[in-house]
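Novice: structure, please.
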Amino acid sequence: MTPVKNNQRERCENAVVKTITKTAAPEARAVVGFANARLAREWRTMAAMVRIFCRDHHRSGSGPCAECRRFLDYAGVRLERCRFGAEKPTCVNCPVHCYQRERREQARTVMRYAGPRMLWEHPLMSLRHWLDGFRKAPEI
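Specialist: Predicted coordinates:
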């Protein structure tokens, strides 16, 4: 059974339009676009890390497995709803823990494994993520 996709456009606070693709199953929600380039880059970095982790641990050849896809969907929703928006620091430097405890451990596991491998597979993305790590968190 294939999920039915429904493309919708939503207006953000800064009047930028973003496109969100929703599938029939709520746990299979995929985030397609973000309102600004900083969040889109963070999303691409997370997706690359999850692909590396899933490929090496779950042996899924055609993209992430169902478990990793659910985690990636969850991460996309959290990133989309981040209270800091474009000023968002990397998650390790963030004063607000928006992930559930189990998901936070899952993200830590994925990033510990995939982080060093990102240097070889996505060197520019890795460099940008490293530089983003120096961002100061905005005041709450």
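
Novice: check which helix or strand covers the residue nearest to the spatial centre of the chain.
Specialist: Among the residues of the chain, the one closest to the centroid is residue 43, at 3.8 Å (Cα atoms, centre = their mean). Using DSSP states H and E, residue 43 maps to helix 37-57.

Novice: need the next SSE after that helix, C-terminal direction.
Specialist: helix 66-80.

Novice: from the contact counts, what lies against the helix or strand just after that following helix?
Specialist: Next helix or strand after helix 66-80 toward the C-terminus (DSSP H and E): helix 101-121. Helices and strands touching helix 101-121, by 3 or more Cβ pairs under 8 Å, 6 or more residues apart in numbering; DSSP states H and E, are helix 37-57, helix 66-80, helix 123-132. Just so you know, the C-beta spots here come from the backbone N, C-alpha and C atoms, and that holds for glycine as well.
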